[in-house]
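Engineer: Whatever this is, show me its structure:
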Amino acid sequence: MGLTKTCQTRLMGGVALWVLTFTGSAYAQDGAFEDSATPLQRIVVGTGVDKVAIDTPQAVTVLDQDAIDAQQARTIGDVFKEIPGVMPIGSNSVFGESINIRGIGENLSSDETRIILQVDGVNKFFEQYRMGSFFSDPELYKQVEVLRGPASSTLYGSGAMGGVVTFTTKDASDFLDPGDKFGGRLKTSWDSNGNGWLGSAIVAAEPIENAEILGALNYRKSQDLADGQGNDIDDSDFDSINGLIKGRYTFGANNDQSVLCKLSALDQR
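Structural biologist: Model prediction:
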């Protein structure tokens with residue numbers, strides 16, 4: 001077990017603003033809240049048609065940005081630790097991880113013929129020979145969807161016998177308020193177990209209407225983790241740097257079409 005502390009600031013219009021968020025309960029009088037607001041459920045987009053998660057007949061779990069932030073994940077595998085039926089397999093560090101869904105999935109082959117991994121709707125394949133099928137950092141993503149079981153093959157073909165995992169990367173618009181041309185975020189965190197830390201910087205811009213650009217750079221470093229008895233876990237240390245450059249242009253009568261260009265890089269050791 002370890003303690004994680006996170007501090008972040010958001011840049012808007014070129015000015016750094018420190019934001020403190022307080023969580024509490026608010027009570028409306030005479031039912032005013034019920035009359036003026038309608039709570040919305042989590043939406044699933046990876047099932048072919050956008051729909052409310054609870055109304056989806058498939059076994060699906062959706063982690064939005066708030067859920068991912070609450071995880072304080074060090075690796076991609078940490079993102080799945082509370083999703084039923086899903087287990088990350090591989091090393092204790094960030095050095096190549098693969099996914100096991102309901103018993104389907106193994107470390108070396110990564111079962112890319114039975115579990116589909118997608119990033120922004122594009123299938124991912126082997127990135128390095130026999131070293132897991134997914135090399136990335138959780139800081140790059142704002143949503144993760146997991147479809148479990150063979151029903152996924154109806155939409156994705158026979159390659160989805162075990163299930164489908166869909167990652168959605170952050171967009172510049174996530175850090176821009178309406179009318180802003182420039183924004184961003186700075187974030188850092190420290191882990192007591194392993195003495196690990198994270199430094200993350202995101203810059204977002206919309207130079208012209210409907211055209212947005214995002215640049216993200218993350219650096220993580222950690223020593224070996226310790227188990228419950230205080231013994232070091234071998235090979236759990238790592239040093240990782242990754243980045244993402246993403247551009248999107250939206251067009252159409254209702255801005256319902258877009259062209260996306262993305263470049264990502266990762267160095268792990």
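Engineer: Helices along the stretch 51-200 of the chain, start to end?
Structural biologist: Applying DSSP state H, counting those that start in this stretch to the stretch 51-200 of the chain gives helices spanning 65-71, 76-79, 153-156.
Engineer: mean pLDDT lowest for which of those?
Structural biologist: With a mean of 71, helix 153-156 has the lowest mean pLDDT of those.
Engineer: who does the closest residue to residue 124 other than its chain neighbours bridge with?
Structural biologist: In space, and not counting its chain neighbours, residue 124 is closest to residue 117: 4.4 Å by Cβ to Cβ, 6 or more residues apart in numbering. In short, each C-beta sits where N, CA and C put it, glycine included. Residues in a beta bridge with residue 117, per DSSP bridges, are residue 165.
Engineer: Name the helix or strand for residue 216, please.
Structural biologist: Using DSSP states H and E, residue 216 sits within strand 211-222.
Engineer: Flag every buried residue along that strand.
Structural biologist: 212, 213, 214, 215, 216, 217, 218, 219, 220, 222 (16 or more other Cβ atoms under 10 Å).
Engineer: Relative to residue 174, how far out is the first one?
Structural biologist: Read that as residue 212. Distance of residue 212 to residue 174, computed by Cβ to Cβ, to the nearest Å: 10 Å.
Engineer: overlap in contacts of the two?
Structural biologist: residue 204 (Cβ atoms under 8 Å, 6 or more residues apart in numbering).
Engineer: For the stretch 1-150 of the chain, which residues score under the pLDDT cut-off?
Structural biologist: 1-58, 90-96, 106-113, 126-133 (pLDDT under 70).
Engineer: Would you mind measuring from residue 184 to residue 198?
Structural biologist: 16 Å.
Engineer: swap in residue 168?
Structural biologist: Distance of residue 168 to residue 198, given as Cβ to Cβ: 20 Å.
Engineer: more crowded one of those two?
Structural biologist: residue 198 (22 against 19; other Cβ atoms under 10 Å).
Engineer: does the more buried one really touch residue 222, like I thought?
Structural biologist: No: between residue 198 and residue 222 there is no contact under Cβ atoms under 8 Å: 9.2 Å.
Engineer: before we move on, back to that, turn the buried residues of strand 211-222 into a markdown table, including pLDDT.
Structural biologist: Converted to a markdown table, the buried residues of strand 211-222 look like this (pLDDT from 0 to 100):
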| residue | pLDDT |
| --- | --- |
| 212 | 95 |
| 213 | 96 |
| 214 | 96 |
| 215 | 96 |
| 216 | 96 |
| 217 | 95 |
| 218 | 94 |
| 219 | 94 |
| 220 | 91 |
| 222 | 89 |
